[in-house]
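1. Pasting the sequence and the predicted coordinates here, then a few questions.
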Amino acid sequence: MSDPVSRTILLLDIERYSDRDDVEQAYLRRMLYDITDRTLESAGIDETRRLRADRGDSVMELIDASAPVTALLRALLTEVPIRLKAVNRMASRSAQIRLRGVVATGYVAVDQHDGWVGSDLNHACRLLDADVLLAALRERAADFALCVSDALYAGVVRHDHPGIPADDFHQVTVASKNGPLGAWLHGPVPEGVADENHGDAGKGEAQGGSGDRPAPGASAPQDPASQAPAADAPAPDAHEERVPPQGGSPESRPAPDGTRGAPAPGVVFNFNGGSPSFGGSLVGHDQHGVSGGQVTGDVHLGGQERGDGA
């Protein structure tokens, strides 16, 4: 295997390639190679400064690190859309070609089988297949969607070179089996994928969903130990109303002892004088007489038991 060498990595992939028949696929491949060659030539990158790998529905170019990345990006942002429009204008509906593109930088080595090896190359391939890039092309009227790696953005794009407006790129995070990958998408970020693949994770969680964080407005589960009364806290009144702790329904906990020493069949409220007050949805089952509702079952008031028919 050769020593790793710094390269600019370019990937271009045809959308919905596998949906076409053999004749259409052959045509699409010719258009892909033609667009790639013309774009690189317009950037001043001839065949002596690049290596190409055929990936069937996509093409991979390893470009000499001495070739200016700014010229490549300008060509991708201008030449590719123009050439796609020209091709599609004359093509039938089934032969329309749309492309996803990735530009990255990193170290790549070549093995004894002329295969390319390098983690930076692997990351670039994962960006090409990222959901956010797939969705960006699917939702746009334009025929091209481009994503650049985090390192390339930091080294080139963020400096706002002529023809490469930094404000047109938006940060995204792509999930991969080796962890999240940072990248920058040219153009608007698809809304449906934004909350899932990048940015502030969890913004799109529906209330009561299965996310790791509680839904907005919900209280986080409390440690039972934190609910215990302090050592110097006054003891509660023996006749004080029993209120279930926040975060669970009365049915999910054992009922308190009834007035006759046996467990009460449900929620029990004990009052000794004063006016009873209910609030906060603390009454379960079919209680009646509370805020205009109905109470059925047994009600315990002041130590006396009154049944349904009483």
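-> All right, it came through fine.
2. rest of the way, CA atoms for contacts and neighbours
-> Will do.
3. who touches stretch 121-129?
-> Residues outside stretch 121-129 that contact it (Cα atoms under 8 Å, 6 or more residues apart in numbering) are 9, 11, 13, 100-104, 106-108, 133, 147, 149, 174, 176, 181, 183.
4. what's the burial count for K85?
-> 17 (other Cα atoms under 10 Å).
5. Not counting sequence-adjacent ones, nearest residue to it?
-> D143 (7.6 Å; Cα to Cα, 6 or more residues apart in numbering).
6. For the one you found, which residues are in contact?
-> With Cα under 8 Å, 6+ apart, D143 has these contacts: P81, L84, K85, I97, R98, L99, L137.
7. and what of W184?
-> C147, V148, S149, D150, Y153, F169, H170, Q171, V172.
8. just V108 next, same as before
-> So V108 contacts P4, V5, S6, R7, W116, V117, G118, S119, D120, L121 (Cα under 8 Å, 6+ apart).
9. Report the rounded mean pLDDT for the one helix or strand it maps to.
-> Assessed by DSSP states H and E, V108 sits inside strand 99-110. Strand 99-110 carries an average pLDDT of 96.
10. Name the strands paired with the very next helix or strand once past it and say parallel or antiparallel.
-> Using DSSP H and E, the helix or strand that follows strand 99-110 in sequence is strand 116-117. Sheet pairing of strand 116-117 (DSSP bridges) gives strand 99-110 (antiparallel).
11. Just the C-alphas of the partner strand, formatted as CSV.
-> The C-alpha trace of strand 99-110 is given here as CSV (Å, rounded to 0.1, in the frame of the first residue of the first chain):
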residue,chain,number,x,y,z
LEU,A,99,-27.1,14.7,-9.1
ARG,A,100,-25.9,14.7,-5.5
GLY,A,101,-22.4,15.9,-4.8
VAL,A,102,-19.9,15.8,-2.0
VAL,A,103,-16.5,17.6,-1.7
ALA,A,104,-14.2,16.7,1.1
THR,A,105,-10.5,16.7,1.9
GLY,A,106,-8.3,14.1,3.6
TYR,A,107,-5.6,11.5,3.3
VAL,A,108,-6.1,8.6,1.0
ALA,A,109,-3.7,5.7,0.2
VAL,A,110,-3.8,3.3,-2.7
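12. Tell me how far V172 lies from L152.
-> 14 Å (Cα to Cα, to the nearest Å).
13. now, which of the contacts of D143 sits nearest R29?
-> I97 (9.5 Å; Cα to Cα).
14. Now for the closest one: which residues touch it?
-> Applying Cα under 8 Å, 6+ apart, the residues near I97 are I14, E15, L28, M31, L84, V87, N88, D143.
15. now swap in D46 and tell me
-> So D46 contacts L40 (Cα under 8 Å, 6+ apart).
16. so what pLDDT did it get?
-> 92.
17. For this protein, just list every one of the helices.
-> 22-42, 69-90, 119-128, 131-139, 150-155, 191-197 (DSSP state H).
18. and those as TSV, adding distance to V59 and mean pLDDT?
-> Putting those into TSV (distance: least, Cα to Cα, whole Å; pLDDT from 0 to 100) gives the following:
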stretch	distance to V59	mean pLDDT
helix 22-42	8	96
helix 69-90	14	97
helix 119-128	11	94
helix 131-139	17	96
helix 150-155	20	96
helix 191-197	25	58
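19. do you know which of these lies nearest S58?
-> helix 22-42 (7.8 Å).
20. Sort out which of the contacts of W184 are in strands and list them.
-> Mapping the contacts of W184 onto strands (DSSP state E) picks out C147, V148, S149, F169, H170, Q171, V172.
21. do you know how far the fourth one is from T39?
-> Read it as F169. For F169, the distance to T39 - Cα to Cα - is 21 Å.
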